[in-house]
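Student: Next one to model:
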Amino acid sequence: MQTLTIIIADDHPLFRGALVQTLQTMAEDVAIIECGEFSAALKAADEHPDADLMLLDLAMPGVSGFSGLMTLRAQYSALPIVIVSATDDNATIRRSIELGASGFIPKSSGLDDIRNAVKTVLDGGIFTPGNDGGQAENDPALIEILDRLKTLTPQQNRVLTMLAEGLLNKQIAYELSVSEATIKAHVSAILLKLNVDSRTQAVIKLGKINMAMVA
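Tutor: You can find the predicted model right below:
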């Protein structure tokens, strides 16, 4: 029988443990990879290209807001990603789906709801709690920003996230093990794709998407 492989990316060990116990009952052979920070989630996705699913927290070390989802979605397009978050307002759910998530599970969900959500996505569907998250974004300005953000490459997403954290080009270059000239090229491409003139304006646009998020 084929192994069901699921990556859990969440920085709370107790919650990860609860998810592990819940998911292990879904098939006879379940392999679960646990990640406590975003860099580990990227590594897991790279090392397990045939993974069936990733459960991703929006707020964890190394990433904030929707940047992690955008990076993973761009780099691992075949990997279904379900957001698992304590922030479960309609705007957050809707934007998660708009940015490519296959589902959204509030952290307050019961075990049966979690199993149902995972089964729905594994069967090829989209899961949102109730019907609210399935509504399309209706703010034209946000729709434009979302569409522009989707054009960023995985590396450009990471650079934009680091810009939002206030890092300088040389600091980003060190973190990504590339030259400062490469980072400058990425920043120029980001400004062009987001149709802005400065790093500050780019960070503001990202912030508008993340506005619904709370710690």
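
Student: Please make it C-alpha for all contacts and neighbour counts, starting now.
Tutor: Fine.

Student: Would you mind writing the CA trace of the helix or strand hosting L146 as CSV?
Tutor: Taking DSSP states H and E as the criterion, the element that holds L146 is helix 140-149. Extracted in CSV, the C-alpha atoms of helix 140-149 (Å, rounded to 0.1, in the frame of the first residue of the first chain):
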residue,chain,number,x,y,z
PRO,A,140,-10.2,45.9,-6.9
ALA,A,141,-7.0,47.3,-5.3
LEU,A,142,-6.4,44.1,-3.4
ILE,A,143,-7.1,42.0,-6.4
GLU,A,144,-4.4,43.9,-8.4
ILE,A,145,-1.9,43.4,-5.6
LEU,A,146,-2.7,39.7,-5.3
ASP,A,147,-2.3,39.3,-9.0
ARG,A,148,1.0,41.1,-9.0
LEU,A,149,2.4,39.2,-6.0
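
Student: Tell me the helices and strands packed up against it.
Tutor: Judged by 3 or more CA pairs under 8 Å, 6 or more residues apart in numbering; DSSP states H and E, helix 140-149 is in contact with helix 180-194, helix 199-210.

Student: G100 sits in which helix or strand?
Tutor: Here G100 is assigned to no helix or strand, by DSSP H and E.

Student: For N157, see how far away the closest residue to it other than its chain neighbours is.
Tutor: Distances taken as CA to CA, 6 or more residues apart in numbering place R73 nearest to G100, at 6.4 Å, with adjacent residues excluded. As judged by CA to CA, to the nearest Å, R73 and N157 stand 10 Å apart.

Student: What of A202?
Tutor: A202 is 11 Å from N157, by CA to CA.

Student: More neighbours: those two, which one.
Tutor: Higher neighbour count among A202 and N157: N157, with 24 against 21, using other CA atoms under 10 Å.

Student: can I assume the more buried one sits in a strand?
Tutor: No. N157: not assigned to a strand; according to DSSP: H, G, I helix; E, B strand; the rest coil it is helix.

Student: what's near enough to touch it?
Tutor: Contact analysis of N157 by CA atoms under 8 Å, 6 or more residues apart in numbering lists S67, M70, T71.

Student: Now, those residues that are in helices?
Tutor: S67, M70, T71 (DSSP state H).

Student: which of these tops the neighbour count?
Tutor: S67 (25 neighbours).

Student: My read is that that residue contacts Q156, right?
Tutor: No. S67 lies out of contact with Q156 (CA atoms under 8 Å); the separation is 10.3 Å.

Student: For the residue nearest to G100, pull up the helix or strand it's in.
Tutor: Per DSSP H and E: helix 67-75 holds R73.

Student: Show me what that helix is packed against.
Tutor: Under the contact criterion of 3+ CA pairs under 8 Å, 6+ apart, helix 67-75 touches helix 154-164.

Student: Buried residues of the helix it packs on, list them for me.
Tutor: P154, Q156, N157, R158, V159, L160, T161, M162, L163, A164 (16 or more other CA atoms under 10 Å).

Student: ok so, going back, neighbours around the residue nearest to G100, how many?
Tutor: By other CA under 10 Å, the residues close to R73 number 20.
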